[in-house]
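**Student:** Any chance you could fold what I've pasted below:
(one chain, ligands or ions: 1)
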Amino acid sequence: MSRPLRVAVVGAGPAGIYASDLLMKSDTDVQIDLFERMPAPFGLIRYGVAPDHPRIKGIVKSLHNVMDKEQLRFLGNIEVGKDITVEELREFYDAIVFSTGATGDQDLRVPGSDLEGSWGAGEFVGFYDGNPNFERNWDLSAEKVAVVGVGNVALDVARILAKTGDELLVTEIPDNVYESLAKNQAKEVHVFGRRGPAQAKFTPLELKELDHSDTIEVIVNPEDIDYDAASEQARRDSKSQDLVCQTLESYAMRDPKGAPHKLFIHFFESPVEILGEDGKVVGLKTERTQLDGNGGVTGTGEFKTWDMQSVYRAVGYRSDAIEGVPFDDERAVVPNDGGHIIDPEVGSPITGLYATGWIKRGPIGLIGNTKSDAKETTEMLLADHAAGSLPAPAKPELESIIEFLDERKVAFTTWDGWHLLDAAERALGEPEGRERKKIVEWNDMVRHARPEYDI
Ligand SMILES: Cc1cc2nc3c(=O)[nH]c(=O)nc-3n(C[C@H](O)[C@H](O)[C@H](O)COP(=O)(O)OP(=O)(O)OC[C@H]3O[C@@H](n4cnc5c(N)ncnc54)[C@H](O)[C@@H]3O)c2cc1C
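**Tutor:** Numbering: from 1, shown residues only. As a prediction, this is how the structure comes out:
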């Protein structure tokens with residue numbers, strides 16, 4: 001082939017950026033267009049990672065090196081499946097890699113989930129991380145708050161709820177978020193898990209970090225520290241799980257430090273109902289569970305009611321289907337075989353379509369995990385290219401897609417545009433001594449990123 005291999009990567013989160021990086025580092029002459037539905041890149045690093053995790057947010061600095069490369073164009077503010085169909089996209093590219101991640105909350109299937117004051121954790125994350133698709137104000141009048149789930153997202157939500165607004169003012173949170181957080185009345189935050197410490201999905205660093213705030217007292221009931229044979233095995237098999245257990249044991253054993261906000265982590269409490277009065281949350285009903293010897297739990301028939309004015313359901317994220325791409329509703333992933341997208345009707349790969357990141361394997365794992373994922377997917381793509389099995393697109397020229405988008409009047413943003421938006425956010429933060437203050441409104445983001453465009 002005398003022209004470069006043309007690849008569209010859909011989704012500019014870590015998975016899409018790492019996949020682009022690997023393709024560009026290969027021996028193949030490749031030109032990539034990185035599509036993103038938000039006006040800004042970086043996916044859940046921008047709209048998921050908590051604002052008080054500046055070190056993790058800082059990963060974007062290393063991703064800049066990838067985005068700076070000439071072989072890559074960032075095309076933001078374009079939703080694939082809506083602004084351009086997958087079929088249309090195929091006219092311009094030899095291959096398409098979907099790295100569309102996850103945004104929604106998985107359901108907690110208990111009665112009362114739809115009461116006022118019951119929230120999906122992802123909704124709250126979207127709010128405090130300044131995602132324009134979510135609420136601008138948040139009612140934080142609840143003094144006792146439940147967080148259901150024992151993963152890192154549950155810890156993020158619990159930590160943000162237990163910290164004071166002023167503690168978070170040093171971060172990139174926008175003014176509207178600070179105004180809500182400053183009114184936070186939460187005195188007690190209760191995290192609930194239906195299984196035990198050895199089954200918790202926390203990572204050790206995030207669990208330890210809870211204790212770093214002077215305003216937070218982390219409390220674990222010694223009776224909730226329990227292991228069966230399978231749990232002991234899980235600790236032996238995983239250093240990380242063992243560290244999580246050790247940290248929880250230390251929280252259970254120590255004397256209180258007297259911090260004003262209590263953050264309880266409860267194990268063996270399975271939420272069975274969110275209780276309401278007049279349509280509003282007033283409590284959470286749980287059933288005590290016990291280990292069954294295999295690391296699972298069974299109900300004991302012993303129920304408890306906890307007074308709570310708010311419940312956050314942090315039982316996992318969920319990916320959305322992309323129009324024109326097969327979707328496994330049950331697992332909420334694009335059906336794939338290590339990265340090749342599979343046509344479920346016939347059970348074989350659809351030539352030229354690939355998946356990577358959370359949309360490929362489900363919403364589990366840290367940013368670093370998307371790297372190994374991307375390696376597997378891009379190796380498949382390059383092998384298909386080498387074998388000559390990718391279908392040749394009708395319009396592979398670099399300008400063709402730009403002409404198409406201009407004709408359709410899609411106000412797409414670019415990498416230069418990101419630099420403008422980035423500079424505007426930094427300038428907003430500077431007078432307050434902050435690294436940045438996020439711009440929230442969609443149109444404001446586009447206006448900064450694409451000043452010549454009249455919206
Ligand atoms: C609340 C939360 C906190 C987290 N904190 C940490 C942490 O502290 N440390 C850590 O290592 N990991 C953390 N993670 C995990 C980390 O965010 C994920 O591992 C990683 O972001 C997954 O990468 P991804 O690229 O697959 O998906 P995403 O980051 O979700 O990126 C997908 C991108 O695709 C875009 N997209 C979706 N649909 C379309 C479409 N149709 N057209 C165009 N673009 C589209 C989305 O807008 C998004 O930008 C956290 C996750 C969450 C949810």
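
**Student:** can you list the residues of the stretch 351-455 of the chain near the ligand?
**Tutor:** Gly357, Trp358, Gly365, Leu366, Ile367, Thr370 (Cβ under 6 Å from any ligand atom). (Each C-beta comes from the backbone N, C-alpha and C, glycine too.)

**Student:** And the buried ones among these, selectable in ChimeraX?
**Tutor:** Buried members of those can be picked out in ChimeraX with the line below, counting by 16 or more other Cβ atoms under 10 Å:
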select :357,358,367,370
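
**Student:** Which ones among the residues of the stretch 351-455 of the chain next to the ligand lie within helices?
**Tutor:** Among these, the members found in helices (DSSP state H) are Trp358, Thr370.

**Student:** Now the element after the strand or helix carrying Thr289, going C-ward?
**Tutor:** Per DSSP states H and E: Thr289 is located in strand 280-291. Once strand 280-291 ends, the next helix or strand along the chain (criterion: DSSP H and E) is strand 297-307.

**Student:** would you put the C-alpha positions of that following strand in CSV?
**Tutor:** What follows is strand 297-307, C-alpha atoms only, in CSV (Å, rounded to 0.1, in the frame of the first residue of the first chain):
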residue,chain,number,x,y,z
VAL,A,297,-22.1,-15.3,51.4
THR,A,298,-25.5,-16.5,52.5
GLY,A,299,-28.2,-14.4,54.2
THR,A,300,-28.7,-15.0,58.0
GLY,A,301,-32.3,-13.7,58.1
GLU,A,302,-31.2,-11.0,60.5
PHE,A,303,-32.3,-7.6,59.2
LYS,A,304,-31.2,-4.1,60.3
THR,A,305,-32.5,-0.7,59.5
TRP,A,306,-30.1,2.3,59.2
ASP,A,307,-31.4,5.9,59.3
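
**Student:** and that strand, what's its mean pLDDT?
**Tutor:** The average pLDDT within strand 297-307 is 98.

**Student:** Please identify the pairing partners of it and their relative orientation?
**Tutor:** If you go by DSSP bridges, strand 297-307 pairs up with strand 280-291 (antiparallel).

**Student:** What's the mean pLDDT across the strand it pairs with?
**Tutor:** The predicted model assigns strand 280-291 a mean pLDDT of 98.

**Student:** Any stretches of this protein with poor pLDDT?
**Tutor:** Where the chain drops to pLDDT under 70, the residues are 1, 454-455.

**Student:** Outline the domain layout of it.
**Tutor:** Segmentation of the chain into domains, based on automatic domain parsing, reads 5-102+319-412, 104-317.

**Student:** Rebuild these as TSV, extending it with distance to Ala423.
**Tutor:** Output for these, formatted as TSV (distance: least, Cβ to Cβ, whole Å):
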stretch	distance to Ala423
domain 5-102+319-412	13
domain 104-317	14
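
**Student:** residue in the stretch 301-450 of the chain nearest to the ligand?
**Tutor:** Taking Cβ to the nearest ligand atom as the measure, the point where the stretch 301-450 of the chain comes nearest the ligand is Gly357, at 2.4 Å.

**Student:** Check whether that residue really touches Lys371, as I assumed.
**Tutor:** No - Gly357 is not in contact with Lys371 according to Cβ atoms under 8 Å; the separation is 9.8 Å.

**Student:** Show me the common contact partners of the two, please.
**Tutor:** Contact with both Gly357 and Lys371 is made by residues Pro14, according to Cβ atoms under 8 Å, 6 or more residues apart in numbering.

**Student:** Which helix or which strand is home to the nearest residue to Tyr453 once chain neighbours are set aside?
**Tutor:** Leaving aside its sequence neighbours, Tyr453 sits nearest to Ala411 (Cβ to Cβ, 6 or more residues apart in numbering; 5.0 Å). For Ala411, there is no host helix or strand (DSSP H and E).

**Student:** Next, Gln31: secondary structure please.
**Tutor:** Assigned state for Gln31: strand (three-state reduction, DSSP: H, G, I helix; E, B strand; the rest coil).

**Student:** Show me how far stretch 372-381 is from its chain's centre.
**Tutor:** Offset of stretch 372-381 from its chain centre (Cα atoms, centre = their mean, to the nearest Å): 21 Å.

**Student:** quick revisit: can I get the strand holding Thr289 in CSV? Just the C-alpha atoms.
**Tutor:** Output of strand 280-291 as CSV, limited to C-alpha atoms (Å, rounded to 0.1, in the frame of the first residue of the first chain):
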residue,chain,number,x,y,z
LYS,A,280,-37.7,10.6,49.9
VAL,A,281,-35.0,8.3,51.3
VAL,A,282,-35.1,7.8,55.0
GLY,A,283,-33.1,4.7,55.5
LEU,A,284,-31.5,1.6,54.2
LYS,A,285,-32.5,-2.0,55.2
THR,A,286,-29.7,-4.6,55.1
GLU,A,287,-29.6,-8.3,55.8
ARG,A,288,-26.6,-9.6,57.7
THR,A,289,-24.7,-12.2,55.7
GLN,A,290,-22.1,-14.8,56.5
LEU,A,291,-19.3,-16.5,54.6
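
**Student:** Could you tell me which residues of the chain lie near the ligand?
**Tutor:** 10-16, 35-38, 43-44, 48-49, 53, 56, 79-81, 99-102, 125, 152-153, 156, 317, 322, 357-358, 365-367, 370.

**Student:** Selecting buried members of those residues in PyMOL, what would you type?
**Tutor:** The buried subset of the residues of the chain next to the ligand, as determined by 16+ other Cβ under 10 Å, is captured in PyMOL by this line:
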select buried, resi 10+11+12+13+14+15+16+35+36+37+38+43+44+48+49+53+79+80+81+99+100+101+102+125+152+153+156+317+322+357+358+367+370
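
**Student:** Among the residues of the chain next to the ligand, which ones are in helices?
**Tutor:** Residues of these located in helices (DSSP H): Pro14, Ala15, Gly16, Gly43, Leu44, Ile56, Val125, Asn152, Val153, Asp156, Trp358, Thr370.
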